[in-house]
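Could you look at this predicted model? Sequence included:
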Amino acid sequence: MSVKKVMIVGAGQMGSGIAQVFAQSGFQVILNDVTEDALNKGKASIEKILTKDVTKGKITEEDKSKALNNLSLSGNIADAASCDLVVEAIVENMDVKTKVFQELDRVTPPHAILASNTSSLPITEIAAVTNRPEKVIGMHFMNPVPVMKLVEIIRGLQTTDETYETVAETAERLNKTSVEVNDFPGFAANRILLPMINEAIYAVYEGVASPEDIDTVMKLGMNHPMGPLQLADFIGLDTCLYIMEVLHDGLGDSKYRPCPLLRKYVKAGWLGKKSGRGFYEYT
Ligand SMILES: CC(=O)CC(=O)SCCNC(=O)CCNC(=O)[C@H](O)C(C)(C)COP(=O)(O)OP(=O)(O)OC[C@H]1O[C@@H](n2cnc3c(N)ncnc32)[C@H](O)[C@@H]1OP(=O)(O)O
Ligand SMILES: NC(=O)C1=CN([C@@H]2O[C@H](COP(=O)(O)OP(=O)(O)OC[C@H]3O[C@@H](n4cnc5c(N)ncnc54)[C@H](OP(=O)(O)O)[C@@H]3O)[C@@H](O)[C@H]2O)C=CC1
């Protein structure tokens, strides 16, 4: 199957980035969210990035219009009835995701592939709530989506080769490089990245150094483009905590225990860049 039309569920930072790259690659895209406000914010962020790219001469005004013409907004998940592929990018919570997958299973045509952009949750478990587990797969983009080249493709236990190949070919059409990963907590990217971020938070918690100095260590000492605390704020501290909980519960090793300071910040509503405050303040 060659994918022509996609729905992206969730118009947050990941969903809007995913919608943008699909629209720029010539796919028909429906961006879905529960509120009109979220949809408008998602569309505005796509327009802002495309306008910047025009100013920089990376794309033409015509490329921008074409991409925006490929994009429509919808508050009704039943609009996925016309789609070949759905990429879900809502909150990292199994209960919420499985409800959405049950709904998608009801409304999409039988040939449609249902993909999740989950950072860490088991694809096999998400697939099990549908009547098409062979067509459920992980399509894990990296943040910021328009910039990062990688897509982790995660096979659930019942994902077929055909589903895998369609998604791998779709990632290639998006000009991304994909890697095949098996269904383990945190997959590959976050099994490696998140323990480093969590350790950096422990270092702040234990008074090893200030957040600024810890980030400087990793930026100037290891040439990371962002320090781990700046990156945690960028990912979202709620998402970081959900991922650490999945690693801790799923792998059962105390080395993955989420730092109490991370829990405290999330409880306080300090979710990082998206809420205006995390390890740093954002205006
Ligand atoms: C949690 C998960 O499940 C998985 C994950 O995603 S983990 C997170 C993975 N991501 C990372 O590790 C990101 C690490 N950070 C970086 O690579 C860089 O800091 C960065 C690309 C985000 C920004 O780069 P920078 O050099 O510091 O800043 P800046 O010069 O403003 O941006 C570089 C380019 O990226 C673009 N860019 C930055 N943020 C962007 C965004 N949100 N959307 C689109 N484009 C963006 C800029 O427009 C710029 O483009 P040009 O080179 O064409 O001018
Ligand atoms: N942040 C990152 O760096 C990365 C995140 N991911 C994964 O991507 C997913 C989304 O993360 P991110 O974009 O950062 O999160 P955001 O909080 O930015 O966006 C989530 C969006 O989904 C909406 N939403 C919540 N429930 C539903 C629903 N039932 N139907 C439709 N929309 C819904 C939210 O609306 P509202 O705000 O109203 O609740 C919000 O607009 C998560 O699974 C995360 O783990 C993957 C790679 C990187």
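Right, received. Where do you want to start? Numbers count the residues shown, from 1 in each chain. Ligands and ions are numbered 1, 2, ... in the order given.

Quick check: the residue nearest to Ser116 when sequence neighbours are not counted vs Thr98, distance?
Using C-beta to C-beta, 6 or more residues apart in numbering and skipping the chain neighbours, the partner closest in space to Ser116 is Glu88 (4.9 Å). In this view, the C-beta of every residue, glycine as well, is placed from N, C-alpha and C. Remark: distance between Glu88 and Thr98 (C-beta to C-beta, to the nearest Å) = 10 Å.

Neighbour count for these two, which is higher?
Glu88 (23 against 17; other C-beta atoms under 10 Å).

Isn't the more buried one up against Phe101?
Yes: using C-beta atoms under 8 Å, Glu88 makes contact with Phe101 at a distance of 7.1 Å.

intersection of neighbour lists for those two?
Leu114, Ser116 (C-beta atoms under 8 Å, 6 or more residues apart in numbering).

residues near the residue in the stretch 151-283 of the chain that ligand 1 sits nearest to, how many?
Across the stretch 151-283 of the chain, the shortest distance to ligand 1 (C-beta to the nearest ligand atom) belongs to Pro225, at 3.7 Å. Applying other C-beta under 10 Å, we find 8 residues neighbouring Pro225.

what's the nearest residue to it if we skip its chain neighbours?
The nearest residue in space to Pro225 (C-beta to C-beta, 6+ apart) is Lys219, at 7.5 Å.

Next to ligand 1 in this structure, residues from this structure, please.
49, 52, 56, 58, 119, 142-144, 146-148, 189-190, 193, 225-226, 231, 235 (C-beta under 6 Å from any ligand atom).

Please put the alpha-carbon coordinates of the helix or strand harbouring Thr163 into CSV.
When elements are assigned from DSSP states H and E, Thr163 belongs to helix 161-173. The C-alpha atoms that make up helix 161-173 are tabulated as CSV, following Å, rounded to 0.1, in the frame of the first residue of the first chain:
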residue,chain,number,x,y,z
ASP,A,161,6.2,-7.3,7.6
GLU,A,162,3.8,-5.5,5.2
THR,A,163,2.9,-2.9,7.9
TYR,A,164,6.5,-2.4,8.8
GLU,A,165,7.5,-2.0,5.1
THR,A,166,4.8,0.6,4.4
VAL,A,167,5.8,2.6,7.5
ALA,A,168,9.5,2.4,6.6
GLU,A,169,8.8,3.5,3.0
THR,A,170,6.6,6.4,4.4
ALA,A,171,9.5,7.5,6.7
GLU,A,172,11.8,7.5,3.6
ARG,A,173,9.3,9.7,1.7
